[in-house]
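The sequence and its predicted three-dimensional model are supplied below.
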Amino acid sequence: MQRSLMSQAGLTDEEVRGAIEQGPITKEYLSDPNKVASSLNRLRSTEITSYLQYKQHGYMAVSLLSPGLKSEFESHAKQELEHADRLATRIQQLGGVPIFDLQEIAGKASAIGIHAEQGTTLTEMVIENLLLERRQVEAYTALIREIGEKDLITREILLDILGQTETHASELADFLKRSSETR
Ligand SMILES: [Fe+2]
Ligand SMILES: [Fe+2]
């Protein structure tokens with residue numbers, strides 16, 4: 001049955017096999033899918049670390065009497081997980097496998113200078129989150145430039161996540177500016 005489908009489409013067995021193996025990757029895809037998938041795994045590790053950090057800060061903010069900041073941390077955490085999910089979907093489309101080994105995740109995030117931190121005051125936590133977001137902004141921007149026009153969908157996904165990451169950084173910086181003014 002498979003054979004007759006192939007001859008109907010006027011393709012050789014080899015062409016059909018290649019199509020099945022490569023999925024969405026055609027000759028117009030101008031990047032190296034393995035390399036892009038591994039860069040995406042690196043960024044995804046920073047998103048998982050960021051998720052854990054925001055969750056931790058959310059738990060700890062309760063006792064520090066700041067419900068506003070607690071919900072801010074929680075809503076950022078949710079978005080970080082969405083970023084990780086979007087990257088995982090793209091990694092799979094490119095023929096890669098999202099990393100799930102915890103040590104590997106920690107190692108890749110730390111290679112970009114990102115480790116989960118938990119300061120003792122709310123201000124320290126906000127600063128830690130701001131620094132993490134800024135490292136991500138740098139890493140995303142660098143990869144977007146590197147990809148250029150070679151992988152349009154990865155570029156679009158990265159641009160979208162970068163936009164949200166800059167929004168997070170902005171919000172955190174605004175909070176710190178405001179809290180230093182009222183002091
Ligand atoms: Fe994120
Ligand atoms: Fe973020």
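Good, I have the coordinates. Residues are numbered from 1 along each chain as shown. Ligands and ions are numbered 1, 2, ... in the order given.

Which helix or which strand is home to Leu143?
helix 122-147 (DSSP states H and E).

Moving C-terminal from that helix, which element do we reach first?
Later in the chain than helix 122-147, the nearest helix or strand by DSSP H and E is helix 152-181.

how close does whichever residue of the chain sits closest to ligand 1 sit to Leu43?
Closest approach between the chain and ligand 1, counting by Cβ to the ion: His83, at 3.8 Å. Where you see a C-beta, it was placed from the backbone N, CA and C, and this is true even at glycine. Between His83 and Leu43 the distance is 8 Å, computed by Cβ to Cβ, to the nearest Å.

So which of the two has more stuff around it?
Per other Cβ atoms under 10 Å, whichever of His83 and Leu43 has more neighbours is His83, with 25 against 21.

wait, that one sits on Ile161?
Yes. Under the criterion of Cβ atoms under 8 Å, His83 makes contact with Ile161 at 4.9 Å.

Now for the closest residue to the residue of the chain closest to ligand 1 other than its chain neighbours: which residues touch it?
Closest residue in space to His83, ignoring its immediate chain neighbours: Glu47 at 4.4 Å, by Cβ to Cβ, 6 or more residues apart in numbering. Residues near Glu47 by Cβ atoms under 8 Å, 6 or more residues apart in numbering: Glu80, Leu81, His83, Ala84, Leu87, Gln136.

hmm, back to that, host element of the residue of the chain closest to ligand 1?
Counting by DSSP H and E, His83 is found in helix 67-93.

can stretch 110-118 be found next to ligand 2?
No. Stretch 110-118 does not reach ligand 2 (Cβ under 5 Å from the ion); its nearest approach is 11.4 Å.

For ligand 2, give me its nearest residue in this protein.
His168 (3.6 Å).

From Tyr54, how far out is that residue?
Taken as Cβ to Cβ, the span from His168 to Tyr54 is 9 Å.

Ile105 now?
16 Å.

again, but for Ile25
Distance, Ile25 to Tyr54, using Cβ to Cβ: 34 Å.

got any residues that touch both of His168 and Tyr54?
Common neighbours of His168 and Tyr54, using Cβ under 8 Å, 6+ apart, are His76, Asn129.

Pick out whichever of these two has more residues nearby.
Between His168 and Tyr54, counted using other Cβ under 10 Å, Tyr54 has the larger neighbour count: 26 against 23.

Near the nearest residue to that one once chain neighbours are set aside, how many other residues are there?
Take Tyr54 and drop its neighbours on the chain: the residue closest to it by Cβ to Cβ, 6+ apart is Ala77, 3.7 Å away. Ala77 is flanked by 19 other residues according to other Cβ under 10 Å.
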